[in-house]
Each structure stands twice: as C-alpha cells, then as structure tokens.
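> Curious how this folds, go ahead:
(one chain, ligands or ions: 3)
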Amino acid sequence: MGNIHGRFEPSNSTDKALLIGSHMDTVIDAGMYDGALGIICAISALKVLRVTGKLQRLTRPVEVIAFSDEEGVRFQTTFLGSAAVAGILPESILQVSDKSGTTVQEALRLNSFEASAAALGQVKYSPESVGSYVEVHLEQGPVLEALRYPLGVVKGIAGQTRLKVIVDGSQGHAGTVPMKLRRDPMVAAAELVVTLEGLCKDPSRFLTYDEECGCFTEESLAGLVCTVGELLTWPSASNVIPGQVNFTVDIRAMDDLVRETIVASFSRIVMQRCDHRLVDCAVEHKHSAAATPCDPELTAQLKRATRSAVSAMAPGGHGHAGAESTATPVLMSGAGHDAMAMARLTRVGMLFVRCRGGVSHSPEEHVAEDDVWAAGLALLRFLDQHAVAEL
Ligand SMILES: NC(=O)N[C@H](N)C(=O)O
Ligand SMILES: [Mn+2]
Ligand SMILES: [Mn+2]
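Ligands and ions are numbered 1, 2, ... in the order given. Below you'll find the predicted structure:
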C-alpha cells in the first residue's frame, strides 16, 4: 500500500516489536507538521540511540512506519496504509475509485506495486509479533496552548463516519423554468447542509423520542461535530439549474451510539427533505471507525517520559520556557489517527505536541521548535523505559 518501513532488529531480542509511526500523506493546502512530525520524531529518536550506542541495548525490535494514506482525501476511505498493516483492509478496497475513476489497485500499479488480494494479505502483521504502537502527532487543537504545556498524552480518539450524499434533480435553463416547477438539487443540498449543522449543534431539536432512548448526556454528546468539506455540482454552469449535486459528510463523536444515532437521523432527514422537494437522493457510507481508547500502561509510560523531558528542558535545564504545570495533560482526540487502525492489531499510545492556535489542515499550521525538541526528548525517554536494557 506504499508504506515505508525502517526496522532495527536487535541480535538477541525476545520481546515483541515496538512500532512507531504516523502518516506521510496530508490534506489539500495543508501545513508541514500533520503526520510528518511523528515520522521525523521517530527517525530522530532512533538516530540518537544509534549515535549514543544504545541501539545494541534494545530489548525488542523497533520499527518506524511512514503510512501511505491516512487522510483518505483521494479515495474517501482512510487509514489505507495502517489498515493494511493491521490486517483489517477488505479486498474490496482495491476497487474503490477516485474522482477520475482511477481505482486504488490502478494507482498502486502506476507506482509499480502489484496490489492483489494476496499481496494485501502479505502486508499485514501478525498480532503475536507486535507489542505496541506509539504515535507522536501535533494536537491539532487549542488545549495544550491554553494549558501552556508543550506536550500531552491521548486518552482516546473520537469515532468517525464519512458519508457521500447524492441529490438528483431536473437539469434545466436558469431563465425559463418557473420556480414552482423546479426540482433543484442545489437548493435541496443547501437545506440539508444547514440542517446537518443544526442537528449537531442541538440534537434534541431533531431526534425522535425512540432515538433518544439513549438519553444522551452532555458528556456523551462531547465532541459531536459534523463537517461538509466537499460539494460538487453538475454541470456547474451559472445559467443551468444543476442536474446533480453531491456533498461529503464527516460526523465525529466520542460516543459511538451518539454518532450512529446522528448518522441514522440525518439519513432519515435527507430522505424526508428530498421527498418533499421531489428530488431523488442517496446516502453512501464511505467509512466508519469506532471511538478508540489508548492503552493505559503505554499512556502512563508516555506521561512519565513527557514529565522527564519537559523538566529536563525547564529553566536550568535546556531553558525550555512555558511549562506552567507539572502534571502532563491528558486529552481526547477529535482528529483521527493511524493509531485507530493499529489498535485493531496491538495496544496503542499517542503523544500530542502543542500547535499554535490549535490550527491544522491549513498552511497556518505551526509547531514551535522547542516543542518539537520536547517531543523528541519524550520519545527518547519512552524508548529508554520501554525498549532499552539497563547497563
Ligand atoms: N482518517 C482521519 O481521521 N484523517 C484525519 N486525521 C482526520 O482527522 O480527518
Ligand atoms: Mn490530518
Ligand atoms: Mn494526522
């Protein structure tokens, strides 16, 4: 699937491998740090172990993996690289096509990968060969900056569902079709986009009683967000009533029942509103990933490593300013990560790095050099705890 691996195998290792990685793809018009930061941190940490002669003291294989496609921008499926390693990628994925009609299999062939079902089977790792997966990633949110702390550990990752909504109407002349005779998919889509926002801002206004059997609490609704990031129209001419409009839907929540109920409720609303407007519609499920907890023991080790790294950089150490408190923040992640796929193979832990203004998926994305240093130091401290034998 286009992943890139770098592995160090100690001569007499008996323990299961530690995998450290992140994704090397990103979104359109992105920043420099999403994904890449985690890969660079991992490679740098192993380089320091080599330079300091510690590689030979590793008690377990340590492997860096740069995953090929985490964002799912091109094929609307996501975690292609990590899901292949985790062994959860269905063979059918090879036939999913992008907007130009190129399938995953063809895209791989164009890059000299013979992607057959058998080849896909060879990519997956056996659970007994892997002990844990750790990922360093910028936070992509405002919490660490607000806490004035450079690093944090992740308690869990929100679940996510991606849909594609297709609305078909009657294509026609913008000047001659009376308003009352139109079957306009653009207006239907616009109404659905605004309704989706209302559904996620205030679900109680929309959910029917039987759906509320979950009696959603404030906590269970935590992190409920929805986004329409793409909207395509055909034929996309200013003087033509569109024939078809389709748009993407991205729904996330910390609670899987909440997310599934919102998805079901929105699908029902799509059918109802399109019926009312006499347009045809379809809701395609492109991707779903359940909310993923991080492993408590790995998280505790990452917390200890973080505290050690930040205190080593505090004034009198390497002069790292800004760590106002000693307790390492523990955060939930609204963003998805390869760790969600890798959690289906092994236990996972994540280390978050503060980013300016919490901005990500934008050229404005920025991480302070000192915070990159702190992340690398914390990863080294984690490796010392987790994989390097005492002298
Ligand atoms: N698969 C994903 O969730 N990709 C991004 N990391 C995202 O959060 O959208
Ligand atoms: Mn991203
Ligand atoms: Mn990412």
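> and the residue lying closest to residue 355 once chain neighbours are set aside, how many neighbours does it have?
If the residues on either side of it in the chain are set aside, residue 355 comes closest to residue 138, at 4.4 Å by Cβ to Cβ, 6 or more residues apart in numbering. Placement of C-beta: from N, CA and C, glycine included. Neighbourhood size, residue 138 [other Cβ atoms under 10 Å]: 30.
> cool, residue 181 as well?
9.
> That one and ligand 3, how far apart?
47 Å (Cβ to the ion, to the nearest Å).
> what's across from residue 351 in the sheet?
residue 136, residue 153 (DSSP bridges).
> my guess is it meets residue 151, correct?
Yes. With contact defined as Cβ atoms under 8 Å, residue 351 reaches residue 151; the gap is 6.2 Å.
> what residues do those two have in common as contacts?
306, 375, 378 (Cβ atoms under 8 Å, 6 or more residues apart in numbering).
> Among those, find the one with the greatest number of neighbours, please.
Ranking the shared contacts of residue 351 and residue 151 using other Cβ under 10 Å puts residue 378 first, with 30 neighbours.
> residues near the residue lying closest to that residue once chain neighbours are set aside, how many?
Of all residues not flanking residue 378 in the chain, residue 309 sits nearest, at 3.9 Å (Cβ to Cβ, 6+ apart). Residue 309 has 28 neighbouring residues, counting by other Cβ under 10 Å.
> if I read this right, the residue nearest to residue 355 contacts residue 352, doesn't it?
Yes. Counting by Cβ under 8 Å, residue 138 touches residue 352, with 7.1 Å between them.
> so of the shared contacts of residue 351 and residue 151, which ones are in helices?
Among the shared contacts of residue 351 and residue 151, the ones falling in helices (DSSP state H) are 306, 375, 378.
> And the residue of this structure that's closest to ligand 1?
Proximity to ligand 1, evaluated over the chain using Cβ to the nearest ligand atom, is greatest for residue 336 at 2.1 Å.
> Now the phi/psi pair for residue 243, please.
When read as degrees, to the nearest 10, the backbone of residue 243 gives phi -90, psi -40.
> Excluding residues flanking it in the chain, which one is nearest it?
Closest residue to residue 243 apart from its sequence neighbours, by Cβ to Cβ, 6+ apart: residue 171 at 3.2 Å.
> still on that earlier bit, look up phi and psi at the residue of the chain closest to ligand 1.
Given degrees, to the nearest 10, the pair of backbone angles that residue 336 has is phi -80, psi 160.
> who's the closest residue in space to it that isn't next to it in sequence bridged to?
Excluding its sequence neighbours, the residue lying closest to residue 336 (Cβ to Cβ, 6+ apart) is residue 160, at 5.3 Å. Taking DSSP bridges as the rule, residue 160 bridges to residue 252, residue 289.
> tally of neighbours for residue 160?
Neighbour count of residue 160, defined by other Cβ under 10 Å: 22.
> distance of it from residue 301?
Separation of residue 160 from residue 301 (Cβ to Cβ, to the nearest Å): 27 Å.
> now the helices for the stretch 51-200 of the chain?
Remark: helices assigned in the stretch 51-200 of the chain by DSSP state H, counting those that start in this stretch are 80-86, 104-110, 117-123, 143-147, 185-201.
> could those be laid out in JSON lines, adding mean pLDDT, distance to residue 358 and mean neighbour count?
Below are the helices of the stretch 51-200 of the chain laid out as JSON lines (pLDDT from 0 to 100; distance: least, Cβ to Cβ, whole Å; neighbours: other Cβ atoms under 10 Å):
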{"stretch": "helix 80-86", "mean pLDDT": "97", "distance to residue 358": "24", "mean neighbour count": "27"}
{"stretch": "helix 104-110", "mean pLDDT": "94", "distance to residue 358": "32", "mean neighbour count": "18"}
{"stretch": "helix 117-123", "mean pLDDT": "88", "distance to residue 358": "34", "mean neighbour count": "13"}
{"stretch": "helix 143-147", "mean pLDDT": "96", "distance to residue 358": "6", "mean neighbour count": "17"}
{"stretch": "helix 185-201", "mean pLDDT": "97", "distance to residue 358": "19", "mean neighbour count": "18"}
